[in-house]
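In: Sharing a sequence plus its predicted fold:
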Amino acid sequence: EAQVTQNPRYLITVTGKKLTVTCSQNMNHEYMSWYRQDPGLGLRQIYYSMNVEVTDKGDVPEGYKVSRKEKRNFPLILESPSPNQTSLYFCASSYGGGTYNEQFFGPGTRLTVL
Amino acid sequence: AQTVTQSQPEMSVQEAETVTLSCTYDTSESDYYLFWYKQPPSRQMILVIRQEAYKQQNATENRFSVNFQKAAKSFSLKISDSQLGDAAMYFCAYRISNNAGNMLTFGGGTRLMVKP
């Protein structure tokens, strides 16, 4: 089954404790993105990747890191989480940019930073 | 910067009736795509319908249709014969055609409640 998976689905942590949210897709997609969803703001792009070893900032990159060492995986790293990073996070993937390519979203990761 | 505005935080509709969700956007681009996504309580983002800006004909998908007014920068979603399963958050989103990051810009969402 074609899908985007994220782990963990729920995470409660404390300020300053490094964490990684994993994302994996099995559709051989080139493009992958991370979004965060906050009430009243919709989803906002954090980082994106156009291919292996090619990443760039989205609209709200501060406090986040990403890496793309393999085509299928795109982990989101919070080196020193803060309470304002409490949010719902989505990973998404698609074949490419330019003309329309549907984005497939993962199931979301609910992160709480105390 | 592009912005997407959904002016209705909440809407309700009686089962089997029709409801229209509003969306406006601001852009200087001429080539772009518009989308409506549904987010049920499971939190999964589900693509409902999309519209290419260069197409004058409004998109339809079964009970879902849009009213795309390019000059007014308006993109409303009409749900006909509403069903209990339509209850969800609905997000309007925009993407320019030549976007390096494939980034979607989302509105703040409209929560739709369906009354039996």
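Out: Okay, I see it.
In: and the closest residue to chain A within chain B, how many neighbours?
Out: Per C-beta to the nearest C-beta, the residue of chain B with the smallest distance to chain A is residue B:106, at 3.1 Å. C-beta coordinates here come from the backbone N, C-alpha and C atoms, glycine included. Residue B:106 has 22 neighbouring residues, counting by other C-beta atoms under 10 Å in any protein chain shown.
In: you'd agree it is up against residue B:89?
Out: No. With contact defined as C-beta atoms under 8 Å, residue B:106 does not reach residue B:89; the gap is 10.7 Å.
In: Contacts made by stretch B:61-70 with the rest, please.
Out: Contact with stretch B:61-70 is made by B:20, B:34, B:36, B:48-49, B:51, B:53, B:58-60, B:74-81, B:83, as judged by C-beta atoms under 8 Å, 6 or more residues apart in numbering or on different chains.
In: Apply 10 Å and report the result again.
Out: B:18, B:20-24, B:30, B:32, B:34-36, B:38, B:47-60, B:74-83, B:86, B:92 (C-beta atoms under 10 Å, 6 or more residues apart in numbering or on different chains).
In: mind listing which of those are in strands?
Out: B:20-21, B:24, B:32, B:34-36, B:38, B:47-52, B:60, B:74-79, B:92 (DSSP state E).
In: In PyMOL, how would I select just the buried ones from those?
Out: Filtering the ones in strands among the contacts of stretch B:61-70 down to the buried ones (16 or more other C-beta atoms under 10 Å in any protein chain shown) takes a single PyMOL command:
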select buried, chain B and resi 21+24+32+34+35+36+38+48+49+50+51+52+75+76+77+78+79+92
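In: The residue nearest in space to the middle of chain B pairs with what?
Out: Computing the C-alpha centroid of chain B and ranking residues by C-alpha atoms, centre = their mean puts residue B:36 first, at 3.1 Å. Beta-bridge pairing for residue B:36 (DSSP bridges): residue B:49, residue B:92.
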